[in-house]
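[1] how would this look folded up:
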Amino acid sequence: MSAALPIAAVAALAAAAALSRSGSRAVRAPRGMRMTSIELGALLYHGTSVEEDFQMLNGPAWLSTSRATAERFLSWHDEGNPKIYTFMVKKRITGLINIQNRADMKLLHDHLESRGLELEDPQEIAGAICSLGFNGWNIPDNYGRGESDTMLCEPSRWLELKGVENR
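    Residues are numbered from 1 along each chain as shown. Next comes the predicted model:
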């Protein structure tokens, strides 16, 4: 004898299977905050001066929609091999916490503290965000108008390397 599942249950199972196949994470924005995304085909830049070359960033990793922002980080490691990596978004990036202002940053800190995480270091905060199931964050004008600060937990999931410019 087969038991018929209610239509709502079938729909929920189908949605769960689709999420599982796509690898998307179904997480909610911290209370009072919003989520955002970055569209397919967008270009993101990463400036660095590390000695070794790479094809993909390890997460968590910081990028920007602004080349000028990436240039700010050419001397970050003081290692003497400055370059700008250009990546293209190969799959729409979802699940990013949208941080618009100081009030949003406070809400994010409160969210982390409510989970027993009292962190100040950006690397630790990024690790916590990733461990909670978010895909990263986006701060649209963190370095000036149009100069975003984007942190991705798993860059290889979303990005494709388009070029490297030695400086």
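[2] I figured residue 72 hits residue 47, correct?
    Yes. With contact defined as CB atoms under 8 Å, residue 72 reaches residue 47; the gap is 6.6 Å. Yep, even glycine has a C-beta here, placed from its N, CA and C like the rest.
[3] look at these two and report which has more neighbours.
    Neighbour count, other CB atoms under 10 Å: between residue 72 and residue 47, residue 47 has more, with 23 against 14.
[4] give me the beta-bridge partners of that one?
    When bridges are called by DSSP bridges, residue 47 pairs up with residue 84.
[5] just give me the neighbour total for residue 95.
    Using other CB under 10 Å, residue 95 has 19 other residues around it.
[6] just the element for it, please.
    Assigned by DSSP states H and E, residue 95 belongs to strand 93-98.
[7] in that strand, which residues are buried?
    Within strand 93-98, the residues scored as buried using 16 or more other CB atoms under 10 Å are 93-97.
[8] distance of the closest residue to residue 62 other than its chain neighbours relative to residue 97?
    What sits nearest to residue 62 in space, not counting adjacent residues and going by CB to CB, 6 or more residues apart in numbering, is residue 151, at 5.3 Å. Noted for residue 151: a distance of 9 Å to residue 97, by CB to CB, to the nearest Å.
[9] overlap in contacts, those two.
    Shared contacts of residue 151 and residue 97, defined by CB atoms under 8 Å, 6 or more residues apart in numbering, are found at 129, 136-138.
[10] could you report the pLDDT at the closest residue to residue 57 other than its chain neighbours?
    Distances taken as CB to CB, 6+ apart put residue 155 closest to residue 57, at 4.3 Å, once the chain neighbours are dropped. pLDDT recorded at residue 155 is 96.
[11] got the phi/psi numbers for residue 155?
    Main-chain torsions, residue 155, degrees, to the nearest 10: phi -50, psi -40.
[12] who are the neighbours in contact with residue 166?
    Contacts for residue 166 (CB under 8 Å, 6+ apart) come out as 81-83.
[13] shouldn't residue 125 be in contact with residue 119?
    Yes. With contact defined as CB under 8 Å, residue 125 counts as touching residue 119 (4.9 Å).
[14] and for these two, which residues touch both?
    Counting by CB under 8 Å, 6+ apart, the residues touching both residue 125 and residue 119 are residue 112.
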